[in-house]
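In: Give me coordinates for this.
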Amino acid sequence: MTDRLDRPAQRPSAGAAEGSGVDFVVNVYERTYRSVLDEERFAALVGQHRHPFAARTILLSNADDPVDLRRRAEALISAGLADRAVAVADLLPRAYAQAGLDRRRLGPVAPFVDFGLAAVFLDGPPWLLHWDAEVDLREPVDWVAPALRLMERDLRVRIANPNWGAPTLDAETDEWVDGFALSRGFSDQAFLVRRSDLARQVYAQRCTARLRFPLS
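Out: Numbers count the residues shown, from 1 in each chain. Model (predicted):
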């Protein structure tokens, strides 16, 4: 599934998409961190994509015991399974400032979306794959490389994620390209995006589709 913008496709002049760095980012919090920050589980989350990620990042969100949260994350780094662990709270002041947002304006939904803002504005590789720790592929496959090639080739396509296989897929699809279903929405649980597309002040823009948020 991909999210697109209606503008003419452009072909990059050089550089293979597979050579672009992708940051694999997992957000963990009180309900999930104990199971996710397990060596076997975390290795499975990364490994199922069969893709050579440039970085593996753990976002540390709210937890009743932040010391335990940090300890478990650092253990994965020591084991060579992750590259860094960053607290969402430490990233947010700069992220909100650079996005031109005021957290108070987001109201009660802020705790459910601020991790995404932190991930986007976090320094790192040019591509970001956010992956919810409770989501798994049906079978291991490198879907990332084909998605990168499509997004490099067709700049209408801004965000990609695996298909859910939902019965509404055909109804939501505007166009099929190389096996990808192009539509106007995407999942916040799993999405691949250029950081530069979202790490800028685009959040004051309005469109009718946003009126469905946070149900879209």
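
In: Ramachandran angles for the residue positioned nearest the centre of the chain?
Out: Closest residue to the average C-alpha location of the chain: H130 at 2.4 Å, with CA atoms, centre = their mean. Note on H130: backbone dihedrals following degrees, to the nearest 10 are phi -90, psi 130.

In: residues contacting the nearest residue to it once chain neighbours are set aside?
Out: Leaving aside its chain neighbours, H130 sits nearest to V25 (5.0 Å; criterion: CB to CB, 6 or more residues apart in numbering). Where C-beta positions appear, they are placed from N, C-alpha and C, glycine not excepted. Taking CB atoms under 8 Å, 6 or more residues apart in numbering, we find V25 in contact with 57-59, 119, 122, 128-131.

In: now with 10 Å?
Out: 53, 55-59, 86, 115-116, 118-120, 122, 124, 128-131 (CB atoms under 10 Å, 6 or more residues apart in numbering).

In: is the residue nearest to the centre of the chain in a bridge, and if so with what?
Out: V25, F191 (DSSP bridges).

In: hang on, it packs against F24?
Out: Yes. In terms of CB atoms under 10 Å, H130 counts as a neighbour of F24; the distance is 8.6 Å.

In: can you pull out the strands in the chain?
Out: Ranges of strands in the chain, per DSSP state E, are 2-4, 22-28, 55-60, 84-87, 127-131, 157-160, 175-177, 180-183, 190-194.

In: Before we move on, what's the pLDDT of the residue nearest to the centre of the chain?
Out: pLDDT recorded at H130 is 95.

In: Quick check: it vs P140, distance?
Out: Applying CB to CB, to the nearest Å, the value for H130 to P140 is 19 Å.

In: Likewise for N27?
Out: N27 is 22 Å from P140, by CB to CB.

In: So those two - more neighbours on which side?
Out: Using other CB atoms under 10 Å as the criterion, N27 and P140 rank with N27 on top: 23 against 12.
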